Every structure is written in structure tokens, then in C-alpha cells.
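Need coordinates for the following:
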Amino acid sequence: MILPKRVYFKDQTFHALSDDTREITEGVLLVKTPSNARFIPPTALYLEAQELGRYFNLKIQIIGITGTNGKTTTAALIAHVLQSLGHSCALLGTRGFFIQGAQVKPKGLTTPSLLELYSNLERATAEGAEYFVMEVSSHAIAQGRILGLAFAAKVHTNITSDHLDYHKDLETYRAIKNQFFSDEGLKIINLDDPHVRFNPANAYGYACERKTHLSVNAYSLRPDLSAHIEFRADPRSRRNAPNNAEMGIVHAPLMGLHNLYNLLGALLCVRALTKTPLETLCERVGDFTGVEGRMEVVHQNPLVVVDFAHTADGFVQIFNSFKAQKIKVVFGAGGDRDKSKRPLMGQVATAHALKSYITSDNPRTEEPLAIIEDILSGVALELRDRVVVEPDRKKAIELALSELQGDEVLLILGKGDECVQIVGEAHLPFDDRALVRHFFHKD
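Next comes the predicted model:
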């Protein structure tokens, strides 16, 4: 992209920046990144991406959240708590770009291009935001889209498996995610995740299954999430100073153990940055009702929930939120994306659900039935009678709703709050939630 920006560099004045070597004309200064380095002519003048901060007003504290699942909810929680404490905040991620709760840009990439990101940061700074809370994707880390940024805090949610179409193998994917936590800055780490690796300097841990900086003493997931938690600046003091801890009771209208982890990560991040007592922070999440398209209850009696989960691990987290309940599920898998996760999604869904309606997600340029066959390859033969195949997502959802009993739960997974379905190159209007609401109110 070409970003209008007056820059004085090596005795020359430029009126714009670009990270695309094809866009370099008179007055446009090239920004060198790992993605474009091999295309830069030997004699070309360029600015290293790491030096961009010298030319932008970035007087703002940046908080980056990465992980396979939970980025969007954790980011929204951090912004919610900071704003409730009186701090002005910007939020950037899968749902778009927000400043003080007002959306200023629509949905796009989880993490935008390098120059767009710097432009967003400068805009947030100009509009008075103190904090910039952003989701950081594995693609952004690998492609250098966050180069030169000084993070006030980095938050880790979990590392499982996704995007292997890009990263090629699980080891590379995990290494890219963990690379984000290799510096000596403030890090907030989920210590229950066996796959995380990080620099221990300035690292704060949170966990449900072990004692660390922010720990859980007891919790309940019914009907909503509640927990008794404790914070210790030095977990090693537990033996010598057992009373030297901040205690808090947190209640939030959220569902699922995975959302308890999201809460812990957000609370620990704000506690570490602002030094606000834990008890005060716990009071700030009681009115956080979640994020659109993430465990969103679209209908009660019977219960219908829409969620963005699109990995096997994401599926497990959602299904575990409805243990001992009769579950049915509608899902598919995205086309032109990581194929390795499709059988695993089929395996997890049919192991947990009474009935699985396997359909299309965003097929893009792939044949929908071919994607469904990949999913079915993970379904045990003895469970095939629990599966209904319907490539038309609208028909699949309507069929599932028509067969849903009052004591059952229907989970519609994969697209969350997306408002389009991508078929070929076309972006067609489509909203899982709107379909559900229309079904129950069509009379």
C-alpha cells in the first residue's frame, strides 16, 4: 500500500511510504520488509521497517495478544477493563478497528499490513488513546508486520494447531508463535499450555491447574462463569508469606472454561500494567457479555449458540462448555486453507455431538463436497450414522433447527459474526445468526 506521509530521509523529502516495490515512484520511499527484501534492486533507496517508529507519533502503550484461540475475546476483555478504569483505548483485530468503542474501520485481516498498522497506531495516538490493544496473528509475526513496534505487554492465550497451509508443519507454527515471546519485555503467559516457550524475564503466568502469579482456587461454569482467584507478585512467596496475596472473586456472564482462561489473561495483563488491585479489576468484568460471534447465544429454549471456532482444539473447548448436555452441531471447514485440520474437526465433532450436520463454511475456490469428504475422513465408521451431509449451509442450519428438541443444544460453528460467505471469488451476504432469528420468528 502507499501511505501518504511526509518523510525526510537521507537528505531527501518524500511524500509517501510504500512496502510494495512495484509502487515506488518519485517521492515514494520504499520500506524494506522480510516479504519484499528479495525484490529490492541493489541501488534502491529504502527505509528499514524497524526504523518506522522514528517517523510516526506512537506515544501509546501497545498490548499484543497471540494464540490459536481466544485472541478476540481476550483483547476485548483487556480493552473493556482498561476503559472501565478510565483509560482511553483503541482495539484492533478480527472484528475491525475501534477507538473508544466506536468502529472506525471494518473487519479485515486479524493483523493488517505493516504500514496500515503504523497508520492505525498514529491515528489512535492522535485521538487520545492511551492503550492500543491488538490481536497478533502468526502470519503477521512470520511476515514481519509488527517490526519496530515496542510492546508494553504481550499476552499468550494458547498454541494448538492452525494455518498449516501457510506454515507447512506444526513445529514451525509453534515456533513462530513462541518467537513473539522471546524478548525481555512484559509477557503474560498461560502456563497450562504445554506448547508455549518464552523468555522468563518479565514473564507473568496465569493458570487453572497450577499455582503461579494469577491462580484459580475454585471456579464454577454454571450457570455463568465465577471463580475465586489470587494474585502474587512473586509466586515463590507462597511458602514464606502465605497471606501475601491479593484475592478476588470474579463473576462474568460468559460460558466455558476457555473463557475463564481468557479472563485470567486479561486480568493479569491489566494488573501487571496498571498495578490496580485484583479485587477492583474483578469488579470490572461483571458487565462484559462477550464478543459477537463468540459463544453468542442467538436463541433460548431451545438453546442455539453461534461461535467462530474453526479448529479441532476450538471445537473441544466449545463442546466442553456443554458437558452432560445433548449437543448437535452444524459446521464445515474453510476452502483454500489448512486441510490437515479437517479430519480432526470431524473426529472431535462426532465424538461429542449426538448429530453433526456437515456443510460448507467459506468454500472459496474448492469444491464444497471435496472439503466435506476431508472432514468425513476423520469420522469413525461406527459414528457415520450420526452425520448428515448438506453442502448448502442455509439448508443445513434450517434442517438442524427443524429437528432440534427443547432439551438439546445446537452449536453453529466456524463463521461466528461473519456477514458473508465466500464462494469462488464472490462474497455473498450470509449471517448464521440472522438465519436462526428468522427461523424462529418467521411465523
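
and K10, how many residues sit next to it?
Other residues near K10 come to 8 when the count uses other C-beta atoms under 10 Å. C-beta: built from backbone N, CA, C; applies to glycine.

can you pull out the helices in this structure?
With DSSP state H as the criterion, the chain has helices at 71-84, 114-126, 138-142, 164-167, 170-179, 237-240, 257-274, 278-282, 312-320, 341-352, 368-376, 393-403, 432-441.

Indicate which one of those helices is closest to V250.
Nearest to V250, of all the helices of the chain, is helix 278-282, at 4.3 Å by C-beta to C-beta.

Now the closest one: buried residues?
Residues of helix 278-282 classed as buried under the neighbour-count rule (16 or more other C-beta atoms under 10 Å) are 278, 280-282.

what about Q347, distance to E390?
Look at Q347 and E390: by C-beta to C-beta, to the nearest Å, they are 20 Å apart.

got it, and K323?
Look at K323 and E390: by C-beta to C-beta, they are 27 Å apart.

quick one: C89 from R95, how far?
If you measure C89 against R95 using C-beta to C-beta, the figure is 14 Å.

more crowded one of these two?
Higher neighbour count among C89 and R95: C89, with 25 against 22, using other C-beta under 10 Å.

Would you mind listing the residues in contact with that one?
Residues near C89 by C-beta atoms under 8 Å, 6 or more residues apart in numbering: 79, 82-83, 99-100, 129-133.

Which among those residues count as buried?
Here, 16+ other C-beta under 10 Å leaves 79, 82-83, 99, 129-133 buried among the contacts of C89.

ok, the residue lying closest to G314 once chain neighbours are set aside - how many residues close by?
The shortest distance from G314 to any non-neighbouring residue, by C-beta to C-beta, 6 or more residues apart in numbering, is to N69 (4.9 Å). N69 has 26 neighbours, counted by other C-beta under 10 Å.

tell me the pLDDT at the most centrally placed residue in the chain?
The chain has K71 as the residue nearest its centroid, 2.7 Å off, counting by C-alpha atoms, centre = their mean. Confidence at K71, expressed as pLDDT, is 93.

returning to that earlier point: right, and out of the contacts of C89, which lies closest to I40?
Taking C-beta to C-beta as the measure, F132 is the one of these closest to I40, at 29.4 Å.

Quickly list what the closest one is bridged to.
Beta-bridge pairing for F132 (DSSP bridges): I62, A90.

And it, how close does it get to K177?
Distance, F132 to K177, using C-beta to C-beta: 21 Å.

do V270 as well
Taking C-beta to C-beta as the measure, V270 falls 22 Å from K177.

Spit out the contact partners of the closest residue to T274 other than its chain neighbours.
Nearest residue to T274, sequence neighbours excluded (C-beta to C-beta, 6+ apart): L85, at 6.7 Å. Counting by C-beta under 8 Å, 6+ apart, L85 makes contact with 270, 274, 276, 284.

try it again with 7 Å
274, 276, 284 (C-beta atoms under 7 Å, 6 or more residues apart in numbering).

Show the buried residues in those residues.
276, 284.

and stretch 274-286, how far apart are its ends?
Distance across stretch 274-286, first residue to last, is 19 Å (C-alpha to C-alpha, to the nearest Å).

swap in stretch 53-67?
End-to-end distance of stretch 53-67: 25 Å, with C-alpha to C-alpha as the criterion.

ok, now stretch 282-297?
End-to-end distance of stretch 282-297 (C-alpha to C-alpha): 24 Å.

which outside residues touch that stretch?
Stretch 282-297 is contacted from outside by 72-73, 76-77, 80-81, 84-85, 248-256, 259, 263, 303, 305-308, 416-417, 433, using C-beta under 7 Å, 6+ apart.

Pull out the buried residues from that stretch.
Going by neighbour count (16+ other C-beta under 10 Å), the buried part of stretch 282-297 is 282-285, 288, 290-291, 293-296.

Using a markdown table, please lay out the residues you listed together with pLDDT and distance to T212.
Shown next, in a markdown table, are those (pLDDT from 0 to 100; distance: C-beta to C-beta, whole Å):
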| residue | pLDDT | distance to T212 |
| --- | --- | --- |
| C282 | 97 | 18 |
| E283 | 96 | 23 |
| R284 | 97 | 22 |
| V285 | 96 | 20 |
| F288 | 95 | 23 |
| G290 | 91 | 26 |
| V291 | 93 | 26 |
| G293 | 92 | 31 |
| R294 | 91 | 26 |
| M295 | 92 | 26 |
| E296 | 94 | 31 |
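
G53 versus the closest residue to N301 other than its chain neighbours, what's the distance?
Take N301 and drop its neighbours on the chain: the residue closest to it by C-beta to C-beta, 6+ apart is G406, 6.5 Å away. Distance, G406 to G53, using C-beta to C-beta: 57 Å.

so the residue nearest to the centre of the chain sits right up against L77, yeah?
No. Under the criterion of C-beta atoms under 7 Å, K71 makes no contact with L77, lying 10.9 Å away.

higher neighbour count, G406 and G53?
When G406 and G53 are compared for neighbours, G53 comes out ahead with 15 against 7, by other C-beta under 10 Å.

Between the contacts of C89, which sits nearest N243?
Nearest to N243 among the contacts of C89, with distances taken as C-beta to C-beta, is L82, at 29.2 Å.

doesn't F132 make contact with the closest one?
No. Contact status for L82 versus F132: not in contact, 10.5 Å apart, counting by C-beta under 7 Å.
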